[in-house]
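Trainee: For reference, the sequence and a predicted model appear below.
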Amino acid sequence: MGNIDLSELSYLYVETMSKTKQYNPQAIANNKIIGELGKENIIRILNLDIDVFCTKYKSSKCRDFIYKNDYLTPRNMYLVNPLYYLKYTQIVFEIAENYLEYKSKELNFKDDNIKVFYSGLFCLDKKKETVNINAVFNNSYSDFQKERKKYFGNYVLKLDLQNFFDSIEIKELLSKLRIKLGSLSVIDELEIMLNSCQFTTLPQLHYSIASSLLSQMYLADFDNGIQNILARENLELIRFVDDIYIIQPHGEVNEKAINNLINDVSFLLWQEKLSLNNTKTELLTPDEYENNFDLKENKYDYSPTSFSTEKIIDEKVLSLIHSGDLITYIEKLCEIEKTYGIDLKKYHELTDKYISTVNGDSNKVINGLIFSGKWRLLSDNELFEIVSEWKYVFFNPSQFTILYILICRYLENKNVIGNSRIMSLLSYLFTSESYNFRDTLIAISYLFQSKKKNVSILSQIKTINPEYVNFVEKYI
């Protein structure tokens, strides 16, 4: 297994991932430094002694502005110096190589009754076609979905872990790695790097296969415990990072047995200083499991530009356009904002009514509308109605700001409108006396969509997160 240069493999994984996420700030920073330094220089930097590396380069760690799917709760997501992102990947790949079983090339964490998927797939193969598949988060999630589909017709216990990454303490993770692998110097390097970034829990970095790998290594003891229960009860478990499905293959289920299973799982997690998210733990009937399946929203996909081309989404987008429901939806959002402010309960109710498919998937429908370009099927008058007011973007800043700007630019280029619509939005961003999280997301979405540096907007953002502005100015 020692024939693969893990520095080069890390570089290839990060390069490949970053090229697929053109609007993501970490990916943009990664692409920029890869373009400036080139492969040979970056690999030389990655091979520096860890103390020299951390002394020569600063982590530039900062919190990013990302909402969870409820559009209310911020994610604890970070941006780092792209060289740190690369070095972190290299270190974890070295640990992963030691984690591999004899003669194995892929690290998949499976057991007799357990199938595990994470963000990407670590594989000791640097061929371009292999890396193109294994480095991209969406491919591993697609494989997870295919595995889930095999169990249609069964009752399924759906489990979710509470604040998973934030619950994994670095000292506990390092202890588990040393117990499993012994006193490897590369584990010491991981400790030095995470300490230099002042991370006390497992970092959430955009599309990081490194953090995803470490999270699954942390669950090794839990997997050993749950495997015994699964084998005893003739059950199957499939997992994507911390989204867990336990398959009940026996037809009708016994509620007492299910509750006992939940208690057993809860105890195993408690031993690992983890806990279940009770609001997302439920027993799904065969119909519910299948209806829940098609395009399940993925909490680990942060890209506002990912969109599905599957039939159910495409049909919903076209229905929104041809029925007039999209215009009605935007008008009603504007009415809610004027009357109630940013009432997210009313937003979700309205979105479920007009945007969601039978399986939910509202994010995917909106992305499909925006990035397929199908909004151009609307007449100029209909598009004008969508941009006649702009404050509906407050409800979903990362998506609606992009839609608003795209339509404005389109109508401007056709001389249907002037630039007063976007100027109205910019005027708010320039003059707002105190930015909040939602304002900042609108500002950031505008910056990345326009691809222009705007000193006034950056100055506003700097008042609430100066480290973020420093990151943008230095790396983007």
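Mentor: Ah, there it is.

Trainee: and Leu159, what element?
Mentor: Assigned by DSSP states H and E, Leu159 belongs to strand 155-160.

Trainee: Could you tell me which strands that strand is paired with, and in which direction each runs?
Mentor: Looking at strand 155-160 with DSSP bridges, its partner strands are strand 243-248 (antiparallel), strand 282-284 (antiparallel).

Trainee: which of these is buried the deepest?
Mentor: Mean neighbours per residue, mean count of other CB atoms under 10 Å, is largest over the strands paired with strand 155-160 for strand 243-248, with a mean of 22. Where you see a C-beta, it was placed from the backbone N, CA and C, and this is true even at glycine.

Trainee: Go ahead and name everything in contact with it.
Mentor: For strand 243-248, contacts defined as CB atoms under 8 Å, 6 or more residues apart in numbering pick out 148, 151, 154-161, 230, 235-239, 258, 261, 265, 299.

Trainee: and these, which are buried?
Mentor: 148, 151, 154-161, 230, 235-239, 261, 265 (16 or more other CB atoms under 10 Å).

Trainee: tell me how far stretch 177-197 is from the chain's mean position?
Mentor: Here the centre of stretch 177-197 is set off from its chain's centre by 25 Å, with CA atoms, centre = their mean, to the nearest Å.

Trainee: what does stretch 50-60 give?
Mentor: How far stretch 50-60 lies from its chain's middle: 27 Å, per CA atoms, centre = their mean.

Trainee: next SSE after the strand holding Leu159?
Mentor: Next along from strand 155-160, by DSSP H and E: helix 164-167.

Trainee: Show me which positions of that following helix end up buried.
Mentor: Under the neighbour-count criterion of 16+ other CB under 10 Å, helix 164-167 has Phe164, Phe165, Ser167 buried.

Trainee: Next one: the first one relative to Arg239, how far apart?
Mentor: Read it as Phe164. As judged by CB to CB, to the nearest Å, Phe164 and Arg239 stand 11 Å apart.

Trainee: Can you tell me the SS state at Gln216?
Mentor: helix (DSSP: H, G, I helix; E, B strand; the rest coil).

Trainee: Look at it and say how many residues are nearby.
Mentor: 22 (other CB atoms under 10 Å).

Trainee: doesn't Val116 make contact with it?
Mentor: Yes. Using CB atoms under 8 Å, Gln216 is in contact with Val116, at 6.1 Å.

Trainee: which residues are in contact with both of those two?
Mentor: Common contacts of Gln216 and Val116 (CB under 8 Å, 6+ apart): Phe109.

Trainee: In contact with Arg376, which residues?
Mentor: Tyr410.

Trainee: Do you know the pLDDT at it?
Mentor: Note on Arg376: pLDDT of 95.

Trainee: distance of it from Ile370?
Mentor: From Arg376 to Ile370 the distance is 11 Å (CB to CB).

Trainee: what's in contact with the strand holding Leu159?
Mentor: For strand 155-160, contacts defined as CB under 8 Å, 6+ apart pick out 242-248, 251-253, 258, 261-262, 265, 276-277, 280-286, 289, 292.

Trainee: switch to 6 Å and redo it
Mentor: 244-248, 253, 277, 280-284, 289 (CB atoms under 6 Å, 6 or more residues apart in numbering).

Trainee: all helices of the stretch 301-450 of the chain, in order?
Mentor: 311-323, 325-340, 344-354, 362-371, 380-387, 397-413, 420-431, 437-450 (DSSP state H, counting those that start in this stretch).

Trainee: any idea how far Ile258 is from the closest residue to Val253 other than its chain neighbours?
Mentor: Distance criterion CB to CB, 6 or more residues apart in numbering; nearest residue to Val253, sequence neighbours excluded, is Tyr155 at 4.7 Å. Distance check for Tyr155 against Ile258: by CB to CB, it reads 9 Å.
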